[in-house]
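Enquirer: This is a predicted model, with the sequence first.
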Amino acid sequence: MAWLYLFSAGILEIVWAFTMKQSDGFTRPVPAAITIVTMIGSFALLSLAMRSLPLGTAYTIWTGIGAVGAFIVGVTVLGEALTPMRIAAATLIVSGLVMMKLSAS
């Protein structure tokens, strides 16, 4: 169950990162509200996952899902640049996530 909580927390992190961008510095109320609600949900699910997962594993995977997910959303939805260097960076993050998962007891 902890891994499901952690994955869900990571998805919510992607949502709040995207809606934070859409809030235009918290000047648009709806995206700002969605950002705050999904942040709280993401932190709550992360805390549930940390009940049984090691801190380093849980936190690294949570931030990795958010980082790579936000990168993908930025490229596909916001039209941000997709360069070889950014692809390599995302690949390294995913590689690190796989290694953290494999090293978790």
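Expert: Received the coordinates, thanks.
Enquirer: Three-state assignment for Gly79, please.
Expert: coil (DSSP: H, G, I helix; E, B strand; the rest coil).
Enquirer: Give me the phi and psi for the residue nearest the centre of the chain.
Expert: Centroid-nearest residue in the chain, with CA atoms, centre = their mean: Gly66, separated by 1.5 Å. The phi/psi pair for Gly66 (degrees, to the nearest 10) reads phi -60, psi -40.
Enquirer: Quick check: the gap between it and Glu13.
Expert: Distance from Gly66 to Glu13, counting by CB to CB, to the nearest Å: 3 Å. Using the backbone N, CA and C atoms, a C-beta is placed for each residue, glycine as well.
Enquirer: Kindly report the same for Ser95.
Expert: Relative to Glu13, Ser95 is positioned 19 Å away (CB to CB).
Enquirer: Counting neighbours around each, name which of the two comes out higher.
Expert: More neighbours surround Glu13 than the other of Ser95 and Glu13, with 25 against 11 (other CB atoms under 10 Å).
Enquirer: From what I see, that one and Gly41 are in contact.
Expert: No. Counting by CB atoms under 8 Å, Glu13 sits too far from Gly41 to count as a contact (9.6 Å).
Enquirer: any idea how far Ile36 is from Ser42?
Expert: Distance of Ile36 to Ser42, computed by CB to CB: 11 Å.
Enquirer: in this structure, what secondary structure element scores lowest on mean pLDDT?
Expert: None of the helices or strands of the chain scores lower by mean pLDDT, DSSP states H and E than helix 84-103, at a mean of 91.
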